[in-house]
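Colleague: what follows is a protein structure lacking sequence information:
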């Protein structure tokens, strides 16, 4: 690996009805095609996908006057009502999103509007608020929780506000290690801009190739290097935000006691309070060395114990992740190699970047060995790195083969982790079995903290009929199970519309009232991302 | 130091009109008494302090009906309208607070109410909201920003809600390293409770001996070990909160993307939205080893450069702090030894706790040496540790001698730090000189981050007349200077009433509107801590 530091080039526009670069589409490996019928029984191939120009869309609901006003705000070239633009902004990239993209009749925003500056975002929001147009903020288009559904709420039309023209490195303070990036800058663009100055952000979620800096912030993303550099929340030191009723410039200091940290009100707000236009971020010098080491544990439980000790001791790896027995067996973690059966047990990957590598590796190795792990060398860990952004391509191939494939995730304390994992897996299997579908469930831990960790599940299922309806029921039961077991409804995928009905269980009625109060103040006409995060419906009543 | 791990016993109740345990009152060392006239000129000894029972207070404004209702809520024994109780809850421990405690006529809350449970706090808040009684939440009474002023706002009476009966370790999850502490537990109580199980919180601000866990959370405290264990914000994993209109239980997971992190809405809220009754915290195994090393730098600038490299590299000390030349000279950092002139230049202290001590010390030493530092051994660093909670005792002795002594603090990025320091020092000196007062200004860095650091100033001044009025003007000019230089209005002292007029400059009108919207929702009758954080006055207008 010569060019080891993630100089991932910006990809061409994403497939309108699948993941990523059409040229990178994957075929299912032969071994997987052989394995699937054994795991899932016979599945039915779906109807072929509908070509983009054959999809039936409702006529755009914007008036000529709306369009003229939007064009005045952002320029004629940046208001696009074409079928292609509308369908490219019709949703995110969850499996239900992709299944909906196969239908003959679809929903889409009435137009796509591309502001080119903070001021143009402000103008668009004022205009939308005055005219009663719903606004769906759009970054990389990679949401997997329904945050991009073209939901108009109570309004007469809905526009997708595509933020990718807000792109670039606006400031770099090399002494303080702080960069300001425009919110529509994609992951690869951000890293290339920083690399030119010898800096790195080091945020690599699976959506990295397409997702934007503003999207990472708005959805509280967490990347594969979170053990070393923290989740995206922890990297953000300031924000610039445009709302329908005013703007904010937050974050003067790495630590402050100047009231509640309002940056945190916007991290995770998913565009319901305002639009993040600039993000101030902690960055570090591009690491010059990297060490890989893979591990094998007798089982998931002993591996998790090892990860716990590593997280609680600190000073360990930049990446640490553990696959359970099922994921290890089919090696779905190294998605390019599905079907290559590795060692039995549970496999883990560690990567060390920066300085002091051998010391950190030795400290970590000591703890992992004590938990029952044995080193399996560098190869499997560097393989993981090579294939780490490719998972969604494989999902497209599975969906084309009629195999339902989806992921979901949660997190909790170390003490509650085993019961949470068991509850989710049981609910997935039982729910799919009740619909007559065989399933195969895999799990990994990819984000660790001193007090707990995330759990990330991948489910394959042979759902014969109405996969959307079946998954809706199963996912609802899983969400109930997560909350009952003390997990969070999302560790890094966010709330969107899909998880919104469960948020009141997580933060309580009083928590929902706080979100609604902020929303009423900043977006009194409720034009921003209707139905995301906060479900429509009556205000929870005040106690007391 | 045998009992090196901070088993600081709980002190007896604080002096009503000064700091701490009356038995620990300090005399000014002879060397200081000799030095002060040289630095500050002749000062005038103040009038002797008024005895507590000679202070004139307004008659309590609570009706018999109010008192009966409060007694019903918390029990007869826990509603106290005595002169002593009222004066012990009449304010915090800023220098202006202490000067006001010397007056013949004083302001105080109308009664002190001590709820014994979360439910009793809820009952008190409902009752206060119905009856229109202002409520000042009271923990350890150590605020230095006017957060405890008995301000009744638009209400007819004001009660101090003393939370220290909410005390104890409510849960400890040893596997996850998470403890739940009742909000009124003091620093020493918390550490003693955790130590019995082999755990430590490791939060040691100067207020440690008196301040409470809930106060640390509400005011976004930062302790002396922040380089190792983080500021208090970073330790909090969950909260239980009582508000006049409902309650919250927040924090299921160490990482989450389930909407904005509402824990952060209450950290720094200083009791204006609700009362924190329980705090869930990350704790760690009690460290078994500790290494000290003091350093000397040619000047503050080179020392700051060394600290920056240490913070940006990571994996360094648990404590790191740097005194400027003025503070080094009078050794006020080691307050027990004021007047003992140390080496010239700027002195720094490093302390390492936990494991891997020698490796961390060597890594740090390498960077500090490269920045021009030379090690001065362990002695000065362990001396600092011994005297680290004693500063406020010395201030009482200075005030008794007629010397004005106050501290203030801010933080910013590394790049802006030198100009911020210069602006604050110049404004202090010029402002005091304009009032005819000589002054001596010292500064240290005690909290470092990869992107910036805090600055903590101690000012001694020979103010002859009306020290309160003089300081008011000087402090206002300093606050303006801080904001103009890109600093935060407070790094860890919080906003209270003293900094509230400057918060709109820091977070903008839209930021203030967010705080007001949350306040209106949770505390619609505005009974909670009137005038703290948010200044009274008309609502900022909406743009757009």
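Modeller: Cool, got the structure. Remember, predicted model here, so these are calculated numbers, not experimental data. Numbers count the residues shown, from 1 in each chain, chains lettered A, B, ... in the order given.
Colleague: pull the contacting residues for the closest residue to chain B within the stretch 51-200 of chain A.
Modeller: Nearest to chain B, among the residues of the stretch 51-200 of chain A, is residue A:176, at 3.9 Å (Cβ to the nearest Cβ). In this view, the C-beta of every residue, glycine as well, is placed from N, C-alpha and C. Applying Cβ atoms under 8 Å, 6 or more residues apart in numbering or on different chains to residue A:176 gives the contacts B:413, B:414, B:415, B:416, B:451, B:452.
Colleague: how about residue A:406?
Modeller: If you count contacts by Cβ under 8 Å, 6+ apart, residue A:406 has them with A:94, A:95, A:96, A:458, A:459, A:471.
Colleague: which stretch of helix or strand covers it?
Modeller: Here residue A:406, judged by DSSP states H and E, is contained in strand A:404-413.
Colleague: run the angle between the helix or strand that that strand is followed by and strand A:404-413 for me.
Modeller: Per DSSP H and E, the first helix or strand lying C-terminal to strand A:404-413 is helix A:417-434. Interaxial angle, helix A:417-434 versus strand A:404-413 (axes from the mean of the first three to the mean of the last three Cα atoms, to 10 degrees): 150 degrees.
Colleague: how far away from the center of its chain is helix A:417-434?
Modeller: Using Cα atoms, centre = their mean, to the nearest Å, the mean C-alpha position of helix A:417-434 is found 22 Å from that of the whole chain.
Colleague: do the same with stretch A:368-378
Modeller: 30 Å.
Colleague: tell me the buried residues in stretch A:50-62?
Modeller: Neighbour counts over stretch A:50-62 (16 or more other Cβ atoms under 10 Å in any protein chain shown) mark A:50, A:55, A:60, A:61, A:62 as buried.
Colleague: list the residues that contact the third one.
Modeller: Neighbour list for residue A:60: A:81, A:86, A:110, A:111, A:157 [criterion: Cβ under 8 Å, 6+ apart].
Colleague: next: residue A:354.
Modeller: Shown in contact with residue A:354 (Cβ under 8 Å, 6+ apart): A:228, A:284, A:287, A:289, A:318.
Colleague: helix, strand, or coil at residue A:281?
Modeller: Classification of residue A:281 using DSSP: H, G, I helix; E, B strand; the rest coil returns strand.
Colleague: now for the contacts of residue A:406: which two are most distant?
Modeller: Greatest spatial distance among these (Cβ to Cβ): A:96 and A:458, at 15.5 Å.
Colleague: re earlier: in helices, which of the buried residues of stretch A:50-62 appear?
Modeller: Counting by DSSP state H, none of the members of the buried residues of stretch A:50-62 fall within helices.
Colleague: phi first, then psi, for residue A:539.
Modeller: Dihedral angles of residue A:539 (phi, psi; degrees, to the nearest 10) stand at phi -60, psi 130.
Colleague: with residue A:467 instead?
Modeller: The phi/psi pair for residue A:467 (degrees, to the nearest 10) reads phi -60, psi -30.
Colleague: who are the contact partners of it?
Modeller: Residue A:467 neighbours (Cβ under 8 Å, 6+ apart): A:99, A:404.
Colleague: please tell me how far it sits from chain B.
Modeller: 25 Å (Cβ to the nearest Cβ, to the nearest Å).
Colleague: next: residue A:296.
Modeller: Distance from residue A:296 to chain B, by Cβ to the nearest Cβ: 24 Å.
Colleague: does that residue sit in a helix, a strand or a coil?
Modeller: Going by three-state DSSP: residue A:296 is strand.
Colleague: what bridges to it?
Modeller: Beta bridges link residue A:296 to residue A:347, residue A:374, judged by DSSP bridges.
Colleague: wait, it sits on residue A:325?
Modeller: No - taking contacts as Cβ atoms under 8 Å, residue A:296 lies outside contact range of residue A:325: 10.9 Å.
Colleague: what sits in contact with each of the two?
Modeller: A:345, A:346.
Colleague: for chain A, what's the longest helix?
Modeller: Chain A, longest helix under DSSP H: helix A:503-522.
Colleague: who does it touch, helix- and strand-wise?
Modeller: strand B:246-250, helix B:503-522 (3 or more Cβ pairs under 8 Å, 6 or more residues apart in numbering or on different chains; DSSP states H and E).
Colleague: may I see the buried residues of the helix or strand bottoming out on mean pLDDT in chain A?
Modeller: When the helices and strands of chain A are scored by mean pLDDT, DSSP states H and E, helix A:379-387 comes last with a mean of 83. By neighbour count on 16+ other Cβ under 10 Å, the buried set for helix A:379-387 is A:380, A:381, A:382, A:383, A:384, A:385, A:387.
Colleague: tell me the first helix or strand C-terminal of that helix.
Modeller: With elements assigned by DSSP H and E, the helix or strand that comes after helix A:379-387 is helix A:391-400.
Colleague: now that following helix against helix A:379-387, angle please.
Modeller: 80 degrees.
Colleague: average pLDDT for helix A:391-400?
Modeller: Mean pLDDT, helix A:391-400: 90.
Colleague: mind giving me the packing neighbours of that helix?
Modeller: helix A:95-100, strand A:404-413.
Colleague: rerun at 10 Å
Modeller: helix A:30-40, helix A:95-100, strand A:404-413, strand A:452-461 (3 or more Cβ pairs under 10 Å, 6 or more residues apart in numbering or on different chains; DSSP states H and E).
Colleague: relative orientation of it and strand A:452-461 in degrees?
Modeller: Using the same axes, to 10 degrees: helix A:391-400 against strand A:452-461 is 30 degrees.
Colleague: low-confidence regions, the stretch 101-250 of chain A specifically.
Modeller: Nowhere does the stretch 101-250 of chain A drop to pLDDT under 70.
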